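Asks: give me a model of this one.
(2 chains)
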Number of protein chains: 2
Amino acid sequence: MKLLEERILKDGNVLGENILKVDSFLTHQVDYSLMREIGRTFAEHFKNAGITKVVTIEASGIAPALYVAEQLDVPMIFAKKAKNITMNEGILTAEVYSFTKQVTSTVSIAGKFLSPQDKVLIIDDFLANGQAAKGLIQIIEQAGATVEAIGIVIEKSFQDGRELLEKSGHQVVSLARLERFENGKVIFKEADI
Amino acid sequence: MKLLEERILKDGNVLGENILKVDSFLTHQVDYSLMREIGRTFAEHFKNAGITKVVTIEASGIAPALYVAEQLDVPMIFAKKAKNITMNEGILTAEVYSFTKQVTSTVSIAGKFLSPQDKVLIIDDFLANGQAAKGLIQIIEQAGATVEAIGIVIEKSFQDGRELLEKSGHQVVSLARLERFENGKVIFKEADI
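Replies: Residues are numbered from 1 along each chain as shown, chains lettered A, B, ... in the order given. So this is what the prediction gives:
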C-alpha cells in the first residue's frame, strides 16, 4: 500500500536494530484518514471472501480493524490481554509470549461472539514473531470458526512471524513489509496489496 | 442519545449491584454503525468548540473516540496504561486508581502530541468514579493544553465521577446516564445530548 509506505518513510522512526516507531499515526496518535484507507484496502481485497467477523487484539489493532469491519459491514471483536471482572462465562483463552517484553500473557475472547459458521479476518498493526496472531488463531479455532486470513498493517519481514503462520497453513496479507533498516532508513519488500 | 439507550435496554446485561455489561456492542465486540452514530452525535455538539485533538484511554475508548475524531477532522490520541519500550522520551504520566480492580496504574501520553495551543475533547466509554478522566486531565494540563469537555458514552450517575469532574470545573457530556438498576433493568436519567 503505497500511501502507507510513504507515511512510514515520512513519519516513522527507526530505533536501534529492529524497532520502527509509528506512534504519530498508528500506535499512539491515530490518523483516522490513513486508518480509513487501510480499511478500504483490506476490504477491497477480501470483499468476496465471505468474512463474517473481524478480530484484532487490544489496543493498537482496534483502529485499523474497526474501519475494515465498517467496509465489510461486519462486527469487530477485540481480544483482551487480561481477564476482566465482567467477563465471566465461556471465555476462550490462549497464552501469548512476547519476545520484546519477555513475558507470557493471556489473551481472551468471549466464546459467545464466535461460532462454527464464522469466517474470520484477523487484523493487527504489527507482525513480528507471530505470537499474537498465533494466539488469536488458537482462540478462533477453539470456537470452531475458520480463520480466512491474517491482515497485517506493518510486517517485520526480517522476523519469522510470517513463516510461522504460513507453515501452519494460514494466508498473510501485509500492507507494508519491512525488509531491513539501513542507516536508520526503512527498506521495503514488495507488499501483498 | 435515544439510539444508544435503546441498544443498552436491548443488549446490555445488568450484573449484580453496579455493573452493566455492554460487551456485545462496545467493550469487546464493537458495532461500528453505533460507534459512527456516537461519533456524529458528539461531533455535532462540539462542532463550534474549536477542538484540535480527541484524547481517550486504551482500549474500549478507542472505537468511539476514533469516529468523533473523524467527524471533527482532528487526530485521536489514546493514552497508554503501561509504559512501552518504544515510548522513551518526554512522557507525561498520571496515576489512576481503579476502585473496581483496587490497583493503581500509570497512564501516559507522549508530550510531543499535545501543545499549549490544543483544545482537547476527552472521550471515554464509561464514567464511574472519574479516576481515569481525572488522570487524563492531569496529563493534558501538564502539557499546557486545555480540556474543553469530557464526552462519555455511558455514565453511571449513581457513582460520583461526574460530581468530581464538575467540581474541578470541567464540563461532562454523557450520551446515556444510568440512574439505577431495578430488577436487573436499567433506569435512565435524562442524557445531556
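Asks: tell me which residues in the helix or strand in which A:V55 is found are buried?
Replies: Assigned by DSSP states H and E, A:V55 belongs to strand A:53-57. Applying a neighbour-count criterion of 16 or more other Cβ atoms under 10 Å in any protein chain shown, the buried positions in strand A:53-57 are A:K53, A:V54, A:V55, A:T56, A:I57. All C-beta atoms are positioned from the backbone trio N, CA, C, and that covers glycine.
Asks: nearest to chain B, out of those: which one, please.
Replies: Closest approach to chain B among the buried residues of strand A:53-57 (Cβ to the nearest Cβ): A:K53, at 8.4 Å.
Asks: list the contacts for that closest one?
Replies: A:V74, A:P75, A:M76, A:I77, A:F113, A:L114, A:D118, A:K119, A:V120, A:L121, A:A145 (Cβ atoms under 8 Å, 6 or more residues apart in numbering or on different chains).
Asks: please redo it, this time with the cut-off set to 7 Å
Replies: Residues near A:K53 by Cβ atoms under 7 Å, 6 or more residues apart in numbering or on different chains: A:V74, A:P75, A:I77, A:L114, A:D118, A:V120.
Asks: top of the residues you listed by neighbour count?
Replies: Top of the contacts of A:K53 by neighbour number is A:I77, holding 27 neighbours under the definition other Cβ atoms under 10 Å in any protein chain shown.
Asks: was I right about that residue contacting A:I109?
Replies: Yes. Between A:I77 and A:I109 there is a contact under Cβ atoms under 7 Å: 6.1 Å.
Asks: now the helices: where do they sit in chain A?
Replies: A:2-11, A:32-45, A:62-72, A:131-142, A:161-167 (DSSP state H).
Asks: for A:I139, see how far away the closest residue to A:T93 other than its chain neighbours is.
Replies: Once flanking residues are discounted, A:T93 sits nearest to A:S108: 4.5 Å by Cβ to Cβ, 6 or more residues apart in numbering or on different chains. A:S108 sits 7 Å away from A:I139, going by Cβ to Cβ, to the nearest Å.
Asks: what do you get for A:S24?
Replies: Distance from A:S24 to A:I139, counting by Cβ to Cβ: 31 Å.
Asks: contact residues of chain A facing chain B?
Replies: Within reach of chain B by Cβ under 7 Å from any Cβ of the partner chain, chain A has these residues: A:15, A:19, A:21, A:23, A:28-32, A:58-59, A:62-63, A:66, A:69-70, A:75-78, A:80, A:85-87, A:100, A:110, A:113.
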